[in-house]
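A.B. asks: kindly generate the corresponding structure for this input.
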Amino acid sequence: MFPVIYSDEFLLHDTGDFHPEKTGRLTAIRSALKSAPWAAQLDWRLPTPVETRSPLPFVEAIHDRAYINQVRLLANRGGGFIDGETVVSPRSYEVAMLAVNAWIDGVDLAIASGEPNFVLARPPGHHAVADEGMGFCLFSNAAIAAYYALEKGLDRVCILDWDVHHGNGTQALVETNPNIRFCSLHESPQYPRTGHSGERGFYENVLNLPMASGSTIEDYQPLFEQKVVPFLSDFQPDLLIVSAGYDANHADPLAGISLKPEDYRLLTEYCLSVTRRIVFGLEGGYDLDALGRSVVETIGACLNS
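C.D. replies: Below you'll find the model as predicted:
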């Protein structure tokens with residue numbers, strides 16, 4: 001059985017029907033998974049409720065308390081905007097906290113089983129920095145999960161971000177820790193216009209691979225084989241966290257990379273060659289059909305490997 005961590009409460013982060021990061025993203029993925037030929041092999045799990053385990057200490061470990069309070073107060077006042085595109089609705093603070101719990105649950109599951117799982121949660125997180133949310137993101141889920149894994153006793157954690165946009169928040173929050181390696185493949189130039197190839201982190205623990213617009217799997221494959229997999233494998237990680245954004249699809253309206261949904265099967269297989277102890281967590285992806293099909297390919301690769 002393959003664990004998928006999901007709750008309908010993630011639909012309560014209401015950005016509006018016309019916002020790219022909308023509730024329909026999750027319903028499209030859920031529908032695609034339930035229609036997959038191996039749907040009976042999915043183990044749908046609810047995240048740990050925030051009443052049972054408060055994620056606040058894990059969030060406060062990397063985010064400024066003033067920023068956390070800003071999100072909470074904005075939600076309590078009925079919602080608003082962190083910036084021109086990052087929405088907070090009345091339930092967004094508690095939903096974002098539940099999403100943190102889901103990513104933490106993914107870490108616990110991967111450690112216990114030695115097998116991959118998928119965190120189907122929102123809002124996304126890889127653009128959120130210590131004191132500011134941006135790019136649809138409120139709290140930095142992947143970075144929080146990495147630090148949590150280290151607190152659980154793991155020695156080395158890798159984060160791979162294959163979202164089409166650079167995970168500027170994740171990099172900023174982990175590049176000072178020698179026990180975490182961060183690798184990102186992202187379209188350049190593209191929002192947020194960070195992630196230059198010369199950035200190596202404080203301990204040679206960052207690898208940024210900017211991709212030209214129009215890049216296809218033929219461009220990604222040699223980079224995975226010659227750079228990504230060696231960079232991750234040489235670290236001998238106890239856990240791999242994948243910021244699994246699917247907006248590098250050709251059909252996606254917010255970017256210009258030309259991957260196909262089936263290409264994510266190959267990218268997932270490269271990850272599995274590094275370790276089977278993987279947490280895949282949803283980031284971007286805004287064409288609903290391509291998004292659902294891509295997640296199916298990711299989980300299908302895990303089930304068939």
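
A.B. asks: so where does the residue positioned nearest the centre of the chain fall, helix or strand?
C.D. replies: With distances taken as Cα atoms, centre = their mean, Ser243 lies nearest the centre of the chain, 2.9 Å away. For Ser243, the host element (DSSP states H and E) is strand 239-244.

A.B. asks: list the buried ones in the helix or strand following that strand?
C.D. replies: Per DSSP H and E, the first helix or strand lying C-terminal to strand 239-244 is helix 263-274. Using 16 or more other Cβ atoms under 10 Å as the burial criterion, the residues of helix 263-274 that qualify are Asp263, Tyr264, Arg265, Leu267, Thr268, Tyr270, Cys271, Val274. C-beta: built from backbone N, CA, C; applies to glycine.

A.B. asks: other SSEs contacting helix 263-274?
C.D. replies: Packing partners of helix 263-274 (3 or more Cβ pairs under 8 Å, 6 or more residues apart in numbering; DSSP states H and E): helix 217-223, helix 229-233, strand 239-244, strand 278-282, helix 288-304.

A.B. asks: contact partners for the residue lying closest to Tyr203 once chain neighbours are set aside?
C.D. replies: Closest residue to Tyr203 apart from its sequence neighbours, by Cβ to Cβ, 6 or more residues apart in numbering: Pro178 at 4.1 Å. Pro178 sits next to Phe202, Tyr203, Asn205 when contact means Cβ atoms under 8 Å, 6 or more residues apart in numbering.

A.B. asks: ok, back up a step: ok, of the buried residues of helix 263-274, which one's closest to Gly195?
C.D. replies: Using Cβ to Cβ, Leu267 comes nearest to Gly195 of those, at 17.7 Å.

A.B. asks: report pLDDT for Ser305.
C.D. replies: pLDDT recorded at Ser305 is 84.

A.B. asks: tell me, how many residues neighbour it?
C.D. replies: When neighbours are counted by other Cβ atoms under 10 Å, Ser305 registers 13.

A.B. asks: tell me who's in contact with it.
C.D. replies: By Cβ under 8 Å, 6+ apart, Ser305 lies in contact with Glu269, Leu272, Arg276.

A.B. asks: and those residues, which is closest to Pro55?
C.D. replies: Looking at these and their distance to Pro55, the nearest is Arg276, at 25.9 Å (Cβ to Cβ).

A.B. asks: now for that closest one, how many residues are close by?
C.D. replies: Using other Cβ under 10 Å, Arg276 is surrounded by 15 other residues.

A.B. asks: so how far is Val274 from the closest residue to it other than its chain neighbours?
C.D. replies: With Cβ to Cβ, 6+ apart as the criterion, Arg276 has its nearest non-adjacent residue at 5.6 Å, and that residue is Glu115. Between Glu115 and Val274 the computed distance is 14 Å (Cβ to Cβ, to the nearest Å).

A.B. asks: what of Leu267?
C.D. replies: Distance, Leu267 to Val274, using Cβ to Cβ: 12 Å.

A.B. asks: quick one: the helices in this structure?
C.D. replies: Here the chain has its helices, by DSSP state H, at 24-34, 56-60, 65-76, 92-113, 141-151, 168-174, 217-223, 229-233, 263-274, 288-304.

A.B. asks: export these as a markdown table, with columns for distance to Ala128.
C.D. replies: What follows is those, written out as a markdown table (distance: least, Cβ to Cβ, whole Å):
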| stretch | distance to Ala128 |
| --- | --- |
| helix 24-34 | 18 |
| helix 56-60 | 10 |
| helix 65-76 | 9 |
| helix 92-113 | 9 |
| helix 141-151 | 8 |
| helix 168-174 | 4 |
| helix 217-223 | 26 |
| helix 229-233 | 23 |
| helix 263-274 | 23 |
| helix 288-304 | 21 |
